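Trainee: turn this into a model:
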Amino acid sequence: MHYTKEFKGELTKQGMSVNTIDSYLRTIRAFYCFMREAVGEDVASEDITEIDIREYRSYLLNVIKQSPVTINNKLSALVKYCEFLKGIGVLDLNPASKISKIKVQNAQVAPKTLHKNDLYKLRRMFHRENNARDILVFELLYNAGLRASELCDIEIDDIEMTDRKGLLVIRQGKGSKYRTIPLNANARHAVSSYLRARPKTASTKVLLGERGNLKREAVYRIVKKYADLAGIEKVSPHTLRHQFCKSLLDKGVDIVTVANLAGHRDINTTAIYTQPTEEEKALALEKL
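Mentor: Have a look, this model is predicted:
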């Protein structure tokens with residue numbers, strides 16, 4: 001028996017983000033698929049051993065050649081899953097706890113962001129199409145640094161606005177996490193324009209799709225649509241969140257403020273945005 005549904009419930013109870021939970025579950029399912037192919041039958045959760053985790057690590061590194069960062073993230077997911085299995089009595093010991101992660105020089109890599117010209121092209125494409133809802137999606141992802149799930153959860157009462165000020169309240173995990181984000185002029189203008197055009201409905205959610213409240217998957221499709229129109233590859237809602245954090249740090253905003261705005265529990269998460277991008281490293285060497 002696999003315990004992925006129970007594991008998901010535990011992660012949700014701990015207040016983890018939707019993206020993190022999805023990533024963990026994909027890793028667990030991929031691990032079970034690997035084991036099925038390796039031994040020719042399904043492997044029960046209570047039969048997972050240290051050698052299984054070690055073999056999976058080797059497979060990720062040497063066969064499909066994933067990056068060390070990706071592999072280490074997957075190992076972290078397996079450690080947490082096996083610890084969960086141990087906690088509910090399925091396993092006596094955590095077989096993943098002793099598997100070492102891959103050490104890499106300069107392991108911290110700056111998350112993907114857009115060149116300023118590409119960012120302008122993308123923003124211009126959103127505004128050129130003149131869809132008030134989609135413009136609001138872009139402006140809140142970029143100017144408020146929201147996660148896609150947070151964007152979809154915004155309710156009418158979470159926004160306070162005057163002509164010169166705006167405040168957005170973000171609640172996560174049934175209210176267990178709470179932060180406020182001031183809205184700048186671009187975000188306020190987008191909010192006002194959309195609310196004027198927003199269909200009349202009983203829903204309290206701000207963003208609406210064709211069949212009701214806008215879903216996280218729809219946000220990904222919206223961003224991809226405009227990125228394709230602008231001719232820019234590999235852009236997601238999280239790319240714009242990365243852009244938000246890095247842009248603030250590049251402009252001299254202190255790291256504690258950025259962490260607070262982004263809702264990072266650990267300031268080390270924010271610190272990764274201080275790492276140079278590959279383009280910045282290349283430009284540095286051109287100065288020699």
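Trainee: show me where the stretch 51-200 of the chain has its strands.
Mentor: Assigned by DSSP state E, counting those that start in this stretch, the stretch 51-200 of the chain shows strands spanning 159-161, 166-172, 177-182.
Trainee: can you say which of the ones you listed is nearest to residue 119?
Mentor: Ranking the strands of the stretch 51-200 of the chain by proximity to residue 119 (CB to CB) places strand 177-182 first, at 19.6 Å. All C-beta atoms are positioned from the backbone trio N, CA, C, and that covers glycine.
Trainee: between strand 166-172 and the closest one, find me the angle.
Mentor: For strand 177-182 against strand 166-172, the angle by axes from the mean of the first three to the mean of the last three CA atoms, to 10 degrees is 160 degrees.
Trainee: pLDDT of strand 177-182, averaged?
Mentor: For strand 177-182, the mean pLDDT works out to 91.
Trainee: returning to what we had before: of the strands of the stretch 51-200 of the chain, flag the one that's most buried.
Mentor: Of all those, strand 166-172 has the most neighbours on average by mean count of other CB atoms under 10 Å, namely a mean of 18.
Trainee: pLDDT weak spots in the stretch 151-288 of the chain?
Mentor: Scanning the stretch 151-288 of the chain for pLDDT under 70 picks out 173-176.
Trainee: mind redoing it with 90?
Mentor: Counting by pLDDT under 90, the stretch 151-288 of the chain has low-confidence residues at 162-164, 171-178, 209-211, 234, 265, 268, 274-288.
Trainee: ok, back up a step: how about the strands of the stretch 51-200 of the chain in TSV, adding distance to residue 5?
Mentor: Output for the strands of the stretch 51-200 of the chain, formatted as TSV (distance: least, CB to CB, whole Å):
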stretch	distance to residue 5
strand 159-161	35
strand 166-172	21
strand 177-182	23
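Trainee: of those strands, which is nearest residue 70?
Mentor: Here strand 166-172 is closest among the strands of the stretch 51-200 of the chain (CB to CB), at 25.5 Å.
Trainee: what strands flank that closest one, and is each parallel or antiparallel?
Mentor: According to DSSP bridges, strand 166-172 has the following sheet partners: strand 159-161 (antiparallel), strand 177-182 (antiparallel).
Trainee: I'd like to know which of these is closest to residue 50.
Mentor: Among the strands paired with strand 166-172, the nearest to residue 50 by CB to CB is strand 177-182 (34.9 Å).
Trainee: which residues in the chain form helices?
Mentor: Secondary structure of the chain by DSSP state H: the helices cover 4-13, 18-39, 50-58, 68-87, 116-129, 132-144, 148-153, 185-197, 216-230, 237-250, 255-262, 267-271, 278-286.
Trainee: first to last residue in stretch 239-258, what's the distance?
Mentor: By CA to CA, to the nearest Å, the extent of stretch 239-258 from end to end equals 16 Å.
Trainee: buried set for that stretch?
Mentor: Neighbour counts over stretch 239-258 (16 or more other CB atoms under 10 Å) mark 239-249, 255, 258 as buried.
Trainee: again with stretch 60-76
Mentor: Using 16+ other CB under 10 Å as the test for burial, stretch 60-76 gives 60, 66, 71, 72, 73, 74, 75.
Trainee: the fourth one contacts residue 100, doesn't it?
Mentor: No: using CB atoms under 8 Å, residue 72 and residue 100 do not qualify as a contacting pair, with a distance of 9.8 Å.
Trainee: mind putting the helices of the chain into CSV with distance to residue 205?
Mentor: Below are the helices of the chain laid out as CSV (distance: least, CB to CB, whole Å):
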stretch, distance to residue 205
helix 4-13, 20
helix 18-39, 16
helix 50-58, 40
helix 68-87, 30
helix 116-129, 20
helix 132-144, 12
helix 148-153, 7
helix 185-197, 12
helix 216-230, 12
helix 237-250, 17
helix 255-262, 22
helix 267-271, 28
helix 278-286, 38
